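**Q** Just a sequence and a predicted model for now, questions to come.
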Amino acid sequence: MGYKILLFDVDNTLLDFDANEEESFRFMMEEMGETWTEEVYDTYKEINSGLWKQIERNEITVEEGVNRRFSDLMARYGKTADGCLWERTYRRYLNQGIQEIPKVHQVLGQLKEEGYELYVITNGVEETQVSRMSRSGLDRYFRQSFISGCIGAGKPSREFFDYVKDHISGFSRREALVIGDSLTSDIRGGMDAGIDTCWFCRESDRNVREEMLRGSGLKPDYVIGQLTEIFQILRS
């Protein structure tokens, strides 16, 4: 295999975005004078997931999606909301969230020490991703960050991965490995670009993992449940 270039997703791969998202949503709702309930949060996640799927299909931009999600949410409950204002409030909290995936510093530090070239590949807003990576101290392990909001295209598009390949000196797809939690963006994007993929799925139930894979129709080259398992792949 001889992997040398490791392309890491951020959310739910390096940083625990689920924990950050829920906390930020609670704080935002309180500031905007609304009551947090599990049902409202689940509705938000449904709307947000649908918008991000549209973003992945290049039907809308990231900016359009994030500025719509809260106005769409409030519309479900017969209320009007300034989506841009809500988004700015939410993002202020989100930018501060640095909940980490277990042992992320240990893994990245060792990979860098062993000479692997580490790069970030992430969909999202530049301000948020740069802030969270910097505040967590994870940015020091990476040579460069490729953020969809800067590139103008996102995972899983060919344009995004072509940009990444064109901006890494001496890039060879045979020496590269995509590592991420999203089957629809990380794994599909890597596969379409001809790069080997490693699906990071924290779900401990093997049957659930297999069901998710069957439903996706995708076949990543590797599946891991903990970041430390990456060493088994690289050293095999």
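**A** Arrived safely, thanks for sending. Residues are numbered from 1 along each chain as shown.
**Q** Could you use CA atoms for every contact and neighbour count after this?
**A** Will do.
**Q** Quick check: Gly152 vs Gly83, distance?
**A** Distance check for Gly152 against Gly83: by Cα to Cα, to the nearest Å, it reads 22 Å.
**Q** the more surrounded of the two?
**A** Gly83 (19 against 12; other Cα atoms under 10 Å).
**Q** ok, residues contacting the least confident helix or strand in the chain by mean pLDDT?
**A** For the chain, using mean pLDDT, DSSP states H and E, the weakest element among its helices and strands is helix 206-216, scoring a mean of 85. Outside of helix 206-216, the residues that reach it under the criterion Cα atoms under 8 Å, 6 or more residues apart in numbering are 183-184, 201, 203, 219.
**Q** list the buried ones in it?
**A** Buried residues in helix 206-216, defined by neighbour count with 16 or more other Cα atoms under 10 Å: Arg209.
**Q** got any ranges where this structure has weak pLDDT?
**A** 1, 204-205 (pLDDT under 70).
**Q** try 50 this time
**A** Low-confidence regions of the chain, defined by pLDDT under 50, are absent; no residue qualifies.
**Q** Which stretches in it count as helices?
**A** Taking DSSP state H to define them, one finds helices in the chain at 17-31, 38-56, 62-76, 83-94, 104-113, 126-136, 148-151, 158-166, 188-192, 206-216, 230-234.
**Q** Of these, which stretch is the most buried?
**A** helix 188-192 (a mean of 21; mean count of other Cα atoms under 10 Å).
**Q** helices or strands up against that one?
**A** With contacts defined as 3 or more Cα pairs under 8 Å, 6 or more residues apart in numbering; DSSP states H and E, the secondary structure elements packing on helix 188-192 are helix 158-166, strand 196-200.
**Q** Could you export those as JSON lines, including distance to Lys112?
**A** Formatted as JSON lines, the entries for those read as follows, by distance: least, Cα to Cα, whole Å:
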{"stretch": "helix 158-166", "distance to Lys112": "19"}
{"stretch": "strand 196-200", "distance to Lys112": "18"}
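**Q** Tell me which of these lies nearest to Tyr3.
**A** Nearest to Tyr3 among the helices and strands packed on helix 188-192 is strand 196-200 (9.4 Å), distances taken as Cα to Cα.
**Q** who does the closest one pair up with?
**A** strand 176-180 (parallel), strand 222-224 (parallel) (DSSP bridges).
**Q** which outside residues touch it?
**A** Outside of strand 196-200, the residues within contact range by Cα under 8 Å, 6+ apart are 13, 173-174, 176-183, 186-187, 190-191, 220-227.
**Q** Nice, that's everything, thank you.
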